[in-house]
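J.: with the sequence up front, the predicted model follows.
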Amino acid sequence: MRLLFVCLGNICRSPTAEGVLRHLAAAEAPDLQLLIDSAGTGNYHVGQPPDRRSIAAAARRGIDLSDLRARQLVREDFERFDLLLAMDRQNLADMYTLALPAQRRQAQLFLEAAGHTPELEIPDPYEGGPGDFELVLDLATQGARGLIARCRRSAATGKKLV
């Protein structure tokens, strides 16, 4: 199962979600074969590591984001990944403009697709403080657990994620 997390610049929310899911999948679902990546709808930070505040917040929870590098979402991602998970509605709308009509169902809101949180969007912490980065981690953890459950159901039934 191939999963891609998408936010605006690929330095805060989507690399955090990528790191959280990798961490939880390794610890709680090593039997699942997951390919996990992240990208941004914008090209603002291509090649850069995640925001230092994202790296620090994740590190406090034992999650290493330091080797990740930002990249921009490309149309080919809709062919390479089964599910493309947007952090908010604006990212989802931007993804729809890049996708072919038949590919749009692969693009979903991350937290909605995960199904285990009352929130639907992960707010952008870039202009905020430390608490905003912690909130991103909390929501990404809830969402990652929901995705693991969804992937387990998919593996057990043989049904595709989308």
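T.: Arrived safely, thanks for sending.
J.: going forward, measure contacts between C-alpha atoms and count neighbours the same way
T.: Will do.
J.: hmm, who's touching stretch 90-98?
T.: 6-8, 41, 74-75, 85-86, 104, 107-109 (C-alpha atoms under 8 Å, 6 or more residues apart in numbering).
J.: what about it, average pLDDT?
T.: The average pLDDT within stretch 90-98 is 97.
J.: just for this structure, where's the confidence low?
T.: Low-confidence regions of the chain, defined by pLDDT under 70, span residues 116.
J.: have a look at it and report its longest helix.
T.: Using DSSP state H to assign secondary structure, the helix with the most residues in the chain is helix 130-157.
J.: is it true that Leu139 touches Ile122?
T.: Yes - assessed by C-alpha atoms under 8 Å, Leu139 is found in contact with Ile122 at 6.8 Å.
J.: what's the overlap in contacts for these two?
T.: Leu111.
J.: coming back round to it: narrow the contacts of stretch 90-98 to those that are buried.
T.: With burial judged by 16 or more other C-alpha atoms under 10 Å, the buried subset of the contacts of stretch 90-98 is 6-8, 41, 85-86, 104, 107-109.
J.: among those, which pair sits farthest apart?
T.: Leu8 and Arg104 (17.9 Å; C-alpha to C-alpha).
J.: contact partners of stretch 31-48?
T.: Against stretch 31-48 from outside (C-alpha under 8 Å, 6+ apart): 1-11, 14-15, 18, 21-22, 25, 69-73, 91, 94-95, 151-152, 155.
J.: now, those residues that are in helices?
T.: Using DSSP H, the contacts of stretch 31-48 in helices are 14-15, 18, 21-22, 25, 91, 94-95, 151-152, 155.
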